[in-house]
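*Asks:* Pasting a predicted model and its sequence here:
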There are 2 protein chains.
Amino acid sequence: MHPTRWGNPSAATELSADMRGLIDFAVGATRDTPAVAEVEVPVSVLAPELLEGLRGLLGGEHVLTDDADRRLHTRGKSTPDLLKARAGDLSDAPDAVVRPGGHADVEALIAFAVQHHIALVPFGGGTSVTGGLAVEREGYAGVVSVDLGRMKDVRDVDTESMTVLLEPGLRGPEAEAKLAEHGLTLGHYPQSFEYASIGGFAATRSSGQSSAGYGRFDSMVVGLSVATPQGTLELGTAPASAAGPDLRQLVLGSEGAFGIITAVRVRVRKLPAEKVYEAWTFASFTAGSDAMRHLAQNDLLPTVLRLSDETETMINLASQSDIGGDAEGGCVMIVGYEGADIATRREQVTAALTGLGGTALGEERGAAWAKGRFHAPYLRDSLLDVGVLVETLETATFWSNRENVYQAVKTSLKTELGDRRIALCHISHVYETGCALYFTIAVSETEDPQAQWASAKEKASQAIIDAGGTITHHHAIGTDHKPWLAQEIGPVGTSILRAVKHELDPTGVLNPGVLIP
Amino acid sequence: MHPTRWGNPSAATELSADMRGLIDFAVGATRDTPAVAEVEVPVSVLAPELLEGLRGLLGGEHVLTDDADRRLHTRGKSTPDLLKARAGDLSDAPDAVVRPGGHADVEALIAFAVQHHIALVPFGGGTSVTGGLAVEREGYAGVVSVDLGRMKDVRDVDTESMTVLLEPGLRGPEAEAKLAEHGLTLGHYPQSFEYASIGGFAATRSSGQSSAGYGRFDSMVVGLSVATPQGTLELGTAPASAAGPDLRQLVLGSEGAFGIITAVRVRVRKLPAEKVYEAWTFASFTAGSDAMRHLAQNDLLPTVLRLSDETETMINLASQSDIGGDAEGGCVMIVGYEGADIATRREQVTAALTGLGGTALGEERGAAWAKGRFHAPYLRDSLLDVGVLVETLETATFWSNRENVYQAVKTSLKTELGDRRIALCHISHVYETGCALYFTIAVSETEDPQAQWASAKEKASQAIIDAGGTITHHHAIGTDHKPWLAQEIGPVGTSILRAVKHELDPTGVLNPGVLIP
């Protein structure tokens, strides 16, 4: 990862002329707004004897204090994270980066942190988009980034139970490559797939682009090992149980605040023999989402199912103008099939979508989506380079409330940002009872884009909660969403999180300020 | 419910001559051991002014102190519960039974109980088989059974989202009857279906006989309202979310120890147009369970899928000797299909099972299973009447560990109970990664059947944990399973449950002694 940009910047592409023209038209003239040249990270406050202690625990080569390492572990990749970094603000840089080699190292590290009141920030891919790495520093002897990148083992490959134990530092492609050696796949492809890690998927309740077929990450997890200041928690004796509350679900979504996840046992599937993605078009977002609902409620889901609203469809056409196609209006749906034998399901879904007013556009546009499926964060960088603030917001709600939430968010963005903004939406995760709505917003930067972001974020988040949606379907809470988590789960729910935090991490060294309102 | 027997005793049938002969042969000569005649319940210890206070809160007609009412609310329906009642021991009788009419009543009742240190025992169907109603009395001003039987509303029928809000006092058939008016079904049919309640299904993470098609009860719950001493917890803004840990999963399985569930929003399905149950036979338990695993791992599950081991198959044939059939050896599998159009799935499953060595036995034996599906608890009463101790044990584990758990439980029962016992097993809940094993044990009673039960229960439970299974797949923890829950989730897991309990119920008035090790 680059300190001010997504992923590998050389993989980014410049905005097409069409795209830049559209942006100029919609949000106002673009202008070059480059990131400041590389800036100094603040001086580390960690006392030499504490650094020495960490070296003693983990070995000198696994305690990093170079500016370059500290810079790369500063914050995540939310738009405000990038705005701060681009403006030269690296005030959240960790005082050191450590690289434990296994569960015992993590246990020892936590004990040391408790003893010396050091804040620990678990670091997988560094891809948080909700401020999940921007911890409180006040009162701590220092902030240490716990880079789990040495913990990449794949163990206990059990092809009878179809489970595998994965270590938390494995990034998406690494996990898939190692599983592929056994003919297996996880099938978890969030947009952050290329950089995000197994531990992060678990800690944030990630959901991938193939969730219709493979399920959310939380539905893949059958076991967890978690190191906490009170000892190790080992969970998962069976696929399902009635042995009290399912404590795995308390670790999933805990964002490093309760413990550091050191192993995740997951359900895997056979590597699909076939993968086909195709596009459909529907007359309207309502018609398309009704079709999605029909599939979800009639056990007819394909592996990938996503629907862009009218505006997102138009923008996608502009950015893929070489592809063309018949349907210049309406809403495009991407439908993907993965498996050993996809013919039957494809016939069933095709018949259903046709009956519900859909028109097939063929595989070319589906393949284009698959090719660019992890590319959007690069586009955000390109837009930030030309003074266009880009942000995404997402929520989920029950089907009968989707139009209400959709309109509430669009109205709040229009009220806050005026007409010169683009607001796109798609549905990319569906359930029998509801769906997720994912918004992308682009607006011309003001003089103070961080304040501009904060105000719009607040208004849109409150609109989501007021309309009855969840504050996040798959981006997690981090620090950005805490006020709305408190509203969503209420004072009793908040008190439960605080009680568990206090029990497991009484001195508050784990990701302080993250998750718990 | 009857104080010493299951359900409506007039629905029970006598043991057939065949069955009695088989039991005589297998466990030793039977002898009549009737329950003692109706006995006195202990004098209520609840002070008159507290009774008066309860009457003030709920109305005099909803505070019951008759012996008959107290007797009917004494304990649940576990084998030791029945043994005690049959022996005339009603020492766990509540001091009063109250019947709140809604959430506000429950809130007021909890506040009153906290103020006066009264233990509250939520009562739905009274069908617990793990001592979930046998609370601690020491130090409390009294024990009050909170019968939720007045809270039976069905609200917010949302056929777009396919969700409905159910009140906790609805029993299985009542909920299904009210949903059927809207063409809907929950599809949750545990063996206790005829008496157990919606609140109990949620509080215990129940799983029904149609779990292959409809899922476990926890997978049906999308929202919960819970009254706690610290206020009301309202959960469930979306089907799925990344807004921190899913706190719904902390309420599910909480067995009344964290709060009283006053409403459950569930996912529903369309009432199936067709229901067909058929039987198959496999050469062995291993062959049959391999076939189940194949279905679960290839997205081929029917609605009902259960497989009896060799012994259970033999006993079932003896008890249904009027049905007959070709396969007198091997293992019988029941396969059920429910839905609008079952033909495609039935063809797929039939082809798969045939390919895996199964032989179809037709619908007659499937229909016989469906007819008797809720009858087993009556059979237990009939056996207790003739001095045969009957108990069930259940667990779940991953597929690769199923043979190990199966053998470990059978060995422990043989070691403990000797050769003159019958131990049957079936698999009735399957997942991609594993399955549940359900054991039924029959043995001739000794002089002290309660001690005999306790010793066998301890040995079998320890065998389950030592073999890596969960202490319960769908019977819950209650009081009977607490020592093994502590082993299963370890000291850190136990400390989490205690912390949540202390946060929500600091004075410990909710189901004291239940769930928390």
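*Replies:* Cool, got the structure.

*Asks:* hey, let's count contacts and neighbours off CA atoms from now on
*Replies:* Noted.

*Asks:* mind listing what A:Leu413 touches?
*Replies:* A:Leu413 makes contact with A:423, A:456, A:459-460, according to C-alpha atoms under 8 Å, 6 or more residues apart in numbering or on different chains.

*Asks:* Quick check: of the residues you listed, which lies closest to chain B?
*Replies:* Nearest to chain B, judged by C-alpha to the nearest C-alpha, of the contacts of A:Leu413 is A:Ala460 at 16.0 Å.

*Asks:* if we can go back for a sec, among the contacts of A:Leu413, which are located in helices?
*Replies:* Mapping those onto helices (DSSP state H) picks out A:456, A:459-460.

*Asks:* Buried subset of those, written for ChimeraX?
*Replies:* To isolate the buried members of those in ChimeraX, using 16 or more other C-alpha atoms under 10 Å in any protein chain shown:
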select /A:456,460
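
*Asks:* Now tabulate the ones in helices among the contacts of A:Leu413 in JSON lines and tack on distance to chain B and pLDDT.
*Replies:* Below are the ones in helices among the contacts of A:Leu413 laid out as JSON lines (distance: C-alpha to the nearest C-alpha, whole Å; pLDDT from 0 to 100):
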{"residue": "A:Ala456", "distance to chain B": "20", "pLDDT": "95"}
{"residue": "A:Lys459", "distance to chain B": "18", "pLDDT": "97"}
{"residue": "A:Ala460", "distance to chain B": "16", "pLDDT": "97"}
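
*Asks:* before we move on, the earlier item: for the contacts of A:Leu413, name the two members farthest from one another.
*Replies:* Spatially, the most separated pair among those is A:Ala423 and A:Lys459, at 14.4 Å (C-alpha to C-alpha).

*Asks:* end-to-end on stretch A:235-249?
*Replies:* 10 Å (C-alpha to C-alpha, to the nearest Å).

*Asks:* any idea how far that stretch is from the chain center?
*Replies:* How far stretch A:235-249 lies from its chain's middle: 25 Å, per C-alpha atoms, centre = their mean, to the nearest Å.

*Asks:* again with stretch A:499-516
*Replies:* For stretch A:499-516, the distance to the chain centre is 22 Å (C-alpha atoms, centre = their mean).

*Asks:* is it anywhere near chain B?
*Replies:* Yes: Stretch A:499-516 lies within reach of chain B by C-alpha under 8 Å from any C-alpha of the partner chain, at A:499-500, A:503-504, A:515.

*Asks:* Now do the SS call for A:Asp290.
*Replies:* helix (DSSP: H, G, I helix; E, B strand; the rest coil).

*Asks:* Enumerate every residue touching it.
*Replies:* By C-alpha under 8 Å, 6+ apart, A:Asp290 has no neighbours at all.

*Asks:* Do you know the pLDDT at it?
*Replies:* According to the prediction, A:Asp290 has pLDDT 98.

*Asks:* So which bits of the stretch 201-350 of chain A are right by chain B?
*Replies:* Applying C-alpha under 8 Å from any C-alpha, one finds that the stretch 201-350 of chain A approaches chain B through A:204-206, A:230-235, A:237-247, A:249-255, A:267, A:269, A:297.

*Asks:* For the nearest residue to A:Arg267 once chain neighbours are set aside, list each beta-bridge partner.
*Replies:* Nearest in space to A:Arg267, with sequence neighbours left out and distances taken as C-alpha to C-alpha, 6 or more residues apart in numbering or on different chains, is A:Thr163 at 4.5 Å. Per DSSP bridges, the residues bridged to A:Thr163 are A:Asp158, A:Arg267.

*Asks:* A:Thr163 is in contact with A:Lys270, isn't it?
*Replies:* No: A:Thr163 lies out of contact with A:Lys270 (C-alpha atoms under 8 Å); the separation is 11.0 Å.

*Asks:* Now do the shared contacts for those two.
*Replies:* In contact with both A:Thr163 and A:Lys270: no residue, using C-alpha under 8 Å, 6+ apart.

*Asks:* Looking at the two, which is more packed in?
*Replies:* More crowded of A:Thr163 and A:Lys270, by other C-alpha atoms under 10 Å in any protein chain shown: A:Thr163, with 28 against 19.

*Asks:* And A:Ala436, how far from chain B?
*Replies:* 9 Å (C-alpha to the nearest C-alpha, to the nearest Å).

*Asks:* I should have written A:Ala134 there, sorry.
*Replies:* Relative to chain B, and taking C-alpha to the nearest C-alpha, A:Ala134 is found at 17 Å.

*Asks:* number of nearby residues for that residue?
*Replies:* 24.

*Asks:* And A:Glu234, which helix or strand is it part of?
*Replies:* strand A:231-235 (DSSP states H and E).

*Asks:* Run the chain-centre distance for the helix or strand that that strand is followed by.
*Replies:* Where DSSP H and E defines the elements, the next helix or strand beyond strand A:231-235 is helix A:248-251. A distance of 18 Å separates the centroid of the chain from that of helix A:248-251, by C-alpha atoms, centre = their mean.

*Asks:* Whichever residue of the stretch 51-200 of chain A sits closest to chain B: what secondary structure?
*Replies:* Nearest residue of the stretch 51-200 of chain A to chain B: A:Ser161, at 4.6 Å (C-alpha to the nearest C-alpha). Here A:Ser161 is recorded as coil under three-state DSSP.

*Asks:* give the contact list for it.
*Replies:* A:Ser161 touches B:398-400, B:432-434, counting by C-alpha under 8 Å, 6+ apart.

*Asks:* and the longest helix seen in chain A, which residues are buried?
*Replies:* Assignment by DSSP H gives helix A:482-504 as the longest helix of chain A. For helix A:482-504, the neighbour count (16+ other C-alpha under 10 Å) marks A:482-501, A:503-504 as buried.

*Asks:* pLDDT of that helix, averaged?
*Replies:* On average, helix A:482-504 scores 98.

*Asks:* what's the answer for stretch A:445-455, then?
*Replies:* 95.

*Asks:* For that stretch, C-alpha coordinates in CSV please.
*Replies:* Provided in CSV are the C-alpha atoms of stretch A:445-455 (Å, rounded to 0.1, in the frame of the first residue of the first chain):
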residue,chain,number,x,y,z
GLU,A,445,-13.9,19.8,-3.3
THR,A,446,-14.3,23.0,-1.3
GLU,A,447,-11.5,24.8,0.4
ASP,A,448,-11.8,22.5,3.3
PRO,A,449,-12.6,19.0,2.0
GLN,A,450,-12.2,17.3,5.4
ALA,A,451,-14.9,19.6,6.8
GLN,A,452,-17.0,19.1,3.7
TRP,A,453,-16.7,15.4,4.1
ALA,A,454,-17.5,15.4,7.8
SER,A,455,-20.7,17.4,7.4
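
*Asks:* Identify the residues contacting it?
*Replies:* With C-alpha under 8 Å, 6+ apart as the criterion, stretch A:445-455 contacts A:80, A:83-84, A:387-389, A:416.

*Asks:* what sits against A:Thr392?
*Replies:* Contact partners of A:Thr392, counting by C-alpha under 8 Å, 6+ apart, are A:438-441.

*Asks:* Please tabulate the residues you listed in JSON lines and include neighbour count, pLDDT and secondary structure as additional columns.
*Replies:* Below are those laid out as JSON lines (neighbours: other C-alpha atoms under 10 Å in any protein chain shown; pLDDT from 0 to 100; DSSP: H, G, I helix; E, B strand; the rest coil):
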{"residue": "A:Tyr438", "neighbour count": "21", "pLDDT": "98", "secondary structure": "strand"}
{"residue": "A:Phe439", "neighbour count": "22", "pLDDT": "97", "secondary structure": "strand"}
{"residue": "A:Thr440", "neighbour count": "15", "pLDDT": "95", "secondary structure": "strand"}
{"residue": "A:Ile441", "neighbour count": "18", "pLDDT": "95", "secondary structure": "strand"}
